[in-house]
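Peer 1: with the sequence up front, the predicted model follows.
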Amino acid sequence: MKRAPIPPRQTLKSKYGIDPSLLKKRGAELPGICSLRTTDLFPDQPEVIYPNEQKGIMAIREETQRMMGRVDLSKIKPRDSVNVLSSHHGFTLLGGEPYAEMLRTIRDVVAERTGCARISLRVGQGLRYREGEEFIRRFKLDSHFTNTSALAPIDAGVPIETEIGTLYGTKKAYDADWIIHTHNSDVREIHFHRMVDRAVKPFGMSYARLETRSGYHQNLGPRAANFMARAIFDSDFVQKKYVCTAFLMVAPSGIVAVDCDNDLYALNDRVVIAGMKYYGKIVTLLGSIDSCVAVLDFPAPVPYVFSGGLIYGNFLGARHDLFDLEKPLPSYTFYTEAYYGHGDRHLTHHVPGINPALKMTVHNYAFIGYPSEFFAAKVPTVVVGREQANLFRHDPQSTAYMDHAVTADDLDGAVKFATRLAGTNNILIFDGAVGGVNMSESLADIFLKVAPEVSRRVDQELLPRWLKQRGMDPGVLAAWRTRKYPLAA
Amino acid sequence: MRLVNTVPVLDEAKCIGCVICTSVCPTLAWSLDRKTKLAVLDEPLCFGCVNCEARCPTYAITMVPRDEDRLLYVDPKQVDYAKVEALCRKARFHPEQIICFCTSSRAEEAAAAILTGSRTPEEISVRTGIRSGCTVECAQPLLRLLEAAGIPFTPALDGKGWQIYGKVPTVWKYAGRGFHFEEDIALMEEVIASPAQPPA
C-alpha cells in the first residue's frame, strides 16, 4: 500500500520566505520517503470534488453556482455595494486556486442575480500585513472585483457594540451596504477555536481590529474566547449588513463541497461536524505514534505548515485530544504559551506539555511573520540554510527563534543529525502533499498498523463525545454515513 | 525583552505624506514634517516592528539591518518585586505570565515599566519592546496593567491615529452563556493565584 512520494506544495515567492532558488531539496526527495493516501489509512474519507481530473477548477465553479442558487440574495439591490469578505487561510489550501475560484464565482452569481455592479473583495489577514496583497496579485483578483483590499488589524477600525461590550472591526470590512462571509472548513487552528463556532470565528479575527484579537487571546480564556466572534456577528451593526455565507468544505483528501447558507449557525453545525468527522481520525493517528522527526517544508509560518491536512501546531498537541473540551489547554495555544513561567515551569497543572513523540524538527522551508519562538524553544530544531536562519533572526515576531535552534548547511545533513540524535527513523513531512502524507517507510508501517484501531475508537468513542460536548446529538451522524458530503450534488 | 536589529528607511521620492505610517506606529516614532509634507522618523523611538513598512501604500519604506543592535528591557528586579507582583495580580495576570508572544515578555516587565514611570502603552513599548512584533496580541494586557495602576487611558494622537482604541471585555465581566466561561475563569484564577518566582 506504500506509494511513491506525493509532490510537495510548490514553493512561493513571497516577502515572508527565502527566495525559492535557495531551497535546494524538498523533504519528499529524501531517501526512503514514501506516501500513504488518507484513503489508504481511512477508507471512509469523503469523496472529493477537487482535485478533479475531468473538470479541473470548473468543478469548484459549478458547485459554487449550484449552492449559491440556494441562498436568498433579495436584500441586494442593483445600486447597492457588496463586500465579499474572505480570509488568507483559504489561499493556502491546495495552492489557493479553489478558494480563489469560489470567490470569483460568488461575485459572478451576485452580479447576475441582483444586477449589482459594485462588488468588492476584502481579504482578511493574519499577522503578515502584505500577504493579502500577494494573494490578490497571485490570483489576479483585482481584475474581477470593483476594488480589492487586504485587511490588517492595525488599519482604521470601527467600534461594534455587542452584548459583551464594545469590540472593534476593521473599517474596510464593513464599508459596503452588504457583506457576504466566505471561508473554508479546514480545521487548521484547532488549538484556538476548539471547533466551537468554527464558522463564525473570522468575525472575531480576520475582520477584526487588534483590540478584539488581543482580547480573544488574552482576556476571555482558551475556550470562552470563541464567544467574541459570536458577539460581533450577532450585533445589530453586522446583522444589518449580513446577507449570506459560503464555505469551501475541506477534508484531508481535498475539497469535498461548497456549502452556502443564509443561516450562518446552520452552516456552522455542518462545519463543526465535518471538521471532527473528516479530521478526527488523522489527528488521533498523529497522536498515536511514539517517536518522530518532523520536517517543515511548506510556504507558511512554522505552526501552519501542513501534513495530511493538519498543521504542525496540531501535531504538537495531538497526544492530548485537541477536540476534547473538558481539557482546558491544548499543548500549544497562546494561553498555554503564556503559562510557562521562568525556567519553563508550568504556572498551572493544566499545561499538558508538548506531544512527547515529537523528538526533533528539521525546518527546511517555512515563513516568518508569526510568533514562533515557542516552537524552537520547546522542540529541538535544526534550520536548513543560513539565509533562512538570517530571515528568522530579523523577523520582529520571532527574533529569538534562532536563539533556540541550530543551523545545517543542507537538508540531508539536518535530517541525518536529527534522526541520529532523536534515535528514530520515523520522519513525518509537513509539505502540504494533497490527498495523503509523505513520510519514512518505518512511520508508514506504524500508521498502517494502528489506523484500524484509531478508526474504531474515533467512530465509537471520541466522535460521539465530541459532538455531545458541543450540544449535538450523535444521531446527526446518520446523514453523514456515506462518503458524500450531505449537501453535495 | 527585545533585540532591535532593523530600522526603517524612507525613500522620500515615494512618500506621499498620507500619514498611514504615523497612524500604525505603536511607539509614535513617525510624524509628518509640515513643511516638506514628508514622513520623518524619530529613530530612538523606533523598535523595528515593520508596521510602517507593511502598510505604506507606495512602498516607500524598507527595513534594513541596524548598524548596532539595541536591547530593550526593563528589569523587574530594579523594583520592589512585591509591588510588581501586586500590580500584576490586580490586573489579573500572574507576574511570570507571558503577555507578548513575539518577545516572550512577561507581565512583570510591563508592570516594572509602569512602576518606574511609563504612563501609556506607547511608553511601555519603547522601553520594553512589548508590541514590537505583530503589535496586536499584547495590546489588552498593557491596558489592563495601566488600569490596575490607576492610570487612565486615552488613545494616542488624540484618537486620530489607529494605535489602540480602547479596552475590550474580560472573562470576569461576562459569564452569561455557555462557552465554558466558568471553567475558564477557574483556570485563569488558578494561574493568577499560583506563587511567583522573581527572575533570576
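Peer 2: Everything's here; your move. What you are looking at is a predicted structure, and each value in this text was computed from that prediction instead of being measured.
Peer 1: who touches residue 18 in this structure?
Peer 2: Going with chain A. By Cβ atoms under 8 Å, 6 or more residues apart in numbering or on different chains, the residues touching residue A:18 are A:365, A:385, A:387, A:388, A:391. C-betas here are computed from N, CA, C, even on glycine.
Peer 1: oops, I was thinking of chain B
Peer 2: Applying Cβ under 8 Å, 6+ apart to residue B:18 gives the contacts B:57, B:58.
Peer 1: and it, how far is that from chain A?
Peer 2: Plainly put, residue B:18 is 12 Å away from chain A if you go by Cβ to the nearest Cβ, to the nearest Å.
Peer 1: per-residue confidence at the nearest residue to residue B:200 once chain neighbours are set aside?
Peer 2: Once flanking residues are discounted, residue B:200 sits nearest to residue A:342: 6.9 Å by Cβ to Cβ, 6 or more residues apart in numbering or on different chains. Listed pLDDT for residue A:342 reads 97.
Peer 1: ok, residue B:178 next?
Peer 2: 70.
Peer 1: for it, helix, strand, or coil?
Peer 2: coil (DSSP: H, G, I helix; E, B strand; the rest coil).
Peer 1: that one: how many residues sit nearby?
Peer 2: Residue B:178 sits with 12 neighbouring residues when counted by other Cβ atoms under 10 Å in any protein chain shown.
Peer 1: contacting residues for the residue nearest to residue B:200?
Peer 2: B:96, B:197, B:199, B:200.
Peer 1: do I have it right that the second one meets residue B:94?
Peer 2: When you say that, I think you mean residue B:197. No: counting by Cβ atoms under 8 Å, residue B:94 is not a contact partner of residue B:197; they are 10.6 Å apart.
Peer 1: give me the common contacts of those two.
Peer 2: residue A:341.
Peer 1: next to chain B, which bits of the stretch 151-300 of chain A? Give me the list.
Peer 2: For the stretch 151-300 of chain A, the contact set with chain B under Cβ under 8 Å from any Cβ of the partner chain comprises A:152-157, A:159, A:164-168, A:196, A:209-215, A:217-224, A:226-227.
Peer 1: just the buried subset of those residues, written out for PyMOL, thanks.
Peer 2: Entered in PyMOL, the line below selects the buried ones among those, by 16 or more other Cβ atoms under 10 Å in any protein chain shown:
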select buried, chain A and resi 152+153+154+155+156+157+164+165+167+168+196+209+210+211+212+213+214+215+217+218+219+220+221+222+223+224+226+227
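Peer 1: can you tell me which of the residues of the stretch 151-300 of chain A next to chain B end up in strands?
Peer 2: A:157, A:159, A:165, A:166, A:167, A:168 (DSSP state E).
Peer 1: can you say which two of those residues are spatially most distant?
Peer 2: Spanning the widest gap among these are A:157 and A:165, at 15.0 Å by Cβ to Cβ.
Peer 1: quick one: contacts of stretch A:133-143?
Peer 2: With contact meaning Cβ under 8 Å, 6+ apart, stretch A:133-143 is reached by A:14-15, A:88, A:91, A:96-97, A:100, A:103-104, A:121, A:123, A:148, A:150.
Peer 1: pick out the most distant pair among those.
Peer 2: Maximum distance among the contacts of stretch A:133-143 (Cβ to Cβ): 25.0 Å, for A:15 and A:104.
Peer 1: which stretches of chain B have low pLDDT?
Peer 2: B:175-177 (pLDDT under 70).
Peer 1: and whatever residue of the stretch 201-350 of chain A ends up closest to chain B, what does it touch?
Peer 2: Nearest residue of the stretch 201-350 of chain A to chain B, counting by Cβ to the nearest Cβ: residue A:221, 2.7 Å away. By Cβ under 8 Å, 6+ apart, the contact list for residue A:221 reads A:335, B:171, B:180, B:181, B:184, B:185, B:187, B:188.
Peer 1: kindly list the main-chain dihedrals of it?
Peer 2: With angles defined as degrees, to the nearest 10, residue A:221 sits at phi 100, psi 160.
Peer 1: ok, now how distant is residue A:177 from chain B?
Peer 2: 24 Å.
Peer 1: domain ranges for chain A, per the record?
Peer 2: In terms of domains, chain A is parsed into A:20-45+A:280-448, A:58-278 (source: automatic domain parsing).
Peer 1: okay, the ones you listed in TSV with distance to residue B:101 next?
Peer 2: Shown next, in TSV, are the domains of chain A (distance: least, Cβ to Cβ, whole Å):
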stretch	distance to residue B:101
domain A:20-45+A:280-448	4
domain A:58-278	8
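Peer 1: okay, now the residue in chain B that chain A sits nearest to: neighbour count?
Peer 2: Closest residue of chain B to chain A, Cβ to the nearest Cβ: residue B:184 (2.7 Å). Close neighbours of residue B:184, defined as other Cβ under 10 Å, add up to 21.
Peer 1: this completes my enquiry, with thanks.
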